[in-house]
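1. Sequence first, then the predicted structure, then my questions.
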Amino acid sequence: MKNMNLSGKWVLVTGASSGLGAEMARQLAALHGARLILVARRQERLETLAQELRLRHGTEVLTLTADLSDLAEVERVVTAAQAHCTLYAAILNAGATHFGHHDELSWEGFSRMLQLNVQSTARFLHLLLPLLEQSREQGGILVVASLAGLTPVAYQSAYSGTKGFLVNYACSLHHEMRTRGVSITTFAPGGIATEMTEGERFNDLRAWLVPVGPCARIALEGLRKRKYLVVPGLIYRWGSVVTRLLPQSFVVGQVAAQYRRSLSKHSGTQT
């Protein structure tokens with residue numbers, strides 16, 4: 001398949017009200033001339049972003065407010081998108097994290113993370129792949145996973161587990177769908193400087209956070225070029241290679257020690 005041409009095409013972006021999702025929406029409008037369906041829980045933020053894109057770039061934008069931890073809402077979003085246009089691409093970015101000891105996360109919080117990170121993404125894929133295949137426009141999907149899905153990350157145990165599913169599921173689907181005219185790209189960033197990492201617990205880890213602008217640009221290039229797996233940032237790409245060469249337990253332990261120090265310093269946790 002040729003590289004994707006997003007100009008004038010409809011692209012669905014979930015988790016679009018802030019952070020990486022909002023930045024990808026801005027770049028899709030400014031750099032690629034795409035039409036956008038923006039999805040998130042926070043209606044006011046969605047509408048503010050949509051108005052910005054309309055005024056600055058003349059972008060055609062549809063906003064859909066939805067809590068994607070509810071699978072019925074996922075189905076409603078796909079139905080609304082299908083009624084509005086022929087989708088060419090989707091960016092499945094919505095997700096939640098928890099940084100801290102595993103038992104600080106309530107069972108309800110863990111269940112919601114599973115529903116949002118895993119079930120909603122899988123449901124989107126289940127619903128969107130037939131639509132993209134049937135349209136015969138050779139579209140594609142970007143699944144936003146995480147470096148934590150490639151290597152276990154202590155103190156982000158639940159998040160790491162959910163992203164591990166996404167990496168394996170999306171990378172497997174890449175090979176299933178490539179002969180059927182639809183590309184699937186898995187995006188696995190390390191830490192990104194966004195609203196999600198603003199808490200003081202991340203204070204000692206900020207040097208490792210990648211700026212959101214370049215990260216979004218790399219993600220969209222991966223989608224456009226139909227790449228299999230994209231890890232942004234030289235230090236993270238190097239780290240992913242080193243992780244494969246060294247014993248996994250050693251690497252995971254080193255990261256865990258660094259995270260433990262940051263947690264101890266900023267939340268009173270005992271080491």
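-> On my side now, so go ahead.

2. May I have the helix or strand hosting T186 as CSV, with CA atoms only?
-> Secondary structure assignment for T186, by DSSP states H and E: strand 183-187. Extracted in CSV, the C-alpha atoms of strand 183-187 (Å, rounded to 0.1, in the frame of the first residue of the first chain):
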residue,chain,number,x,y,z
SER,A,183,-2.9,-0.6,8.0
ILE,A,184,-2.6,-0.7,11.7
THR,A,185,0.3,1.1,13.4
THR,A,186,1.2,0.8,17.1
PHE,A,187,2.6,3.9,18.7
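
3. Kindly point out the strands partnered with it and how each is oriented relative to it.
-> Sheet pairing here is set by DSSP bridges, and for strand 183-187 it gives strand 140-144 (parallel), strand 229-230 (parallel).

4. How far off centre is the longest one?
-> I take that to be strand 140-144. 8 Å (CA atoms, centre = their mean, to the nearest Å).

5. Relative to I37, how far out is the spatially closest residue to H84 that is not a sequence neighbour?
-> Among residues not flanking H84 along the chain, L62 sits closest, at 5.7 Å (CB to CB, 6 or more residues apart in numbering). In this view, the C-beta of every residue, glycine as well, is placed from N, C-alpha and C. Applying CB to CB, to the nearest Å, the value for L62 to I37 is 5 Å.

6. ok, now V143?
-> From V143 to I37 the distance is 17 Å (CB to CB).

7. And for H57?
-> As judged by CB to CB, H57 and I37 stand 16 Å apart.

8. can you check Q115 too?
-> 21 Å.

9. With neighbour numbers in mind, choose between V143 and I37.
-> Here V143 and I37 are compared on neighbour count by other CB atoms under 10 Å; more neighbours surround V143, at 27 against 23.

10. and the more buried one, what does it touch?
-> Listed by CB atoms under 8 Å, 6 or more residues apart in numbering, the contact partners of V143 are 92, 121, 125, 166, 169-170, 184-187.

11. Tell me where the stretch 151-271 of the chain has strands.
-> 183-187, 192-193, 210-211, 229-230 (DSSP state E, counting those that start in this stretch).

12. ok, the third one: who's next to it in the sheet?
-> Pairing partners of strand 210-211, with direction, according to DSSP bridges: strand 192-193 (parallel).

13. give me the low-pLDDT residue ranges for the stretch 101-250 of the chain?
-> For the stretch 101-250 of the chain, the stretches flagged by pLDDT under 70 are 191, 193-209, 233-250.

14. residues of stretch 172-187 that come out buried?
-> Across stretch 172-187, burial judged by 16 or more other CB atoms under 10 Å covers 173-174, 177, 181-187.

15. before we move on, the earlier item: need the winner for burial among the strands paired with strand 183-187.
-> strand 140-144 (a mean of 26; mean count of other CB atoms under 10 Å).

16. how about V13, secondary structure?
-> strand (DSSP: H, G, I helix; E, B strand; the rest coil).

17. For it, which non-adjacent residue is spatially closest?
-> Per CB to CB, 6+ apart, closest to V13 is I91, 4.6 Å.

18. List the contacts of that neighbour.
-> Neighbours of I91 in contact, by CB under 8 Å, 6+ apart: 11-14, 21, 24, 141-142, 144, 219, 223.

19. ok, now with 6 Å
-> Contacts for I91 (CB atoms under 6 Å, 6 or more residues apart in numbering) come out as 13, 24, 142.

20. where does it land on pLDDT?
-> The model reports I91 with a pLDDT of 98.

21. mind checking how far the helix or strand harbouring it is from the chain centre?
-> Element membership for I91 (DSSP H and E) is strand 87-92. Offset of strand 87-92 from its chain centre (CA atoms, centre = their mean): 12 Å.

22. show me where the stretch 101-250 of the chain has helices.
-> 107-113, 120-135, 157-177, 212-224, 234-245, 248-267 (DSSP state H, counting those that start in this stretch).

23. Could you dump the contacts of V143 into CSV and include distance to A80?
-> Listed next are the contacts of V143 as CSV, based on distance: CB to CB, whole Å:
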residue, distance to A80
L92, 16
T121, 18
L125, 18
L166, 24
Y169, 25
A170, 24
I184, 23
T185, 24
T186, 26
F187, 25
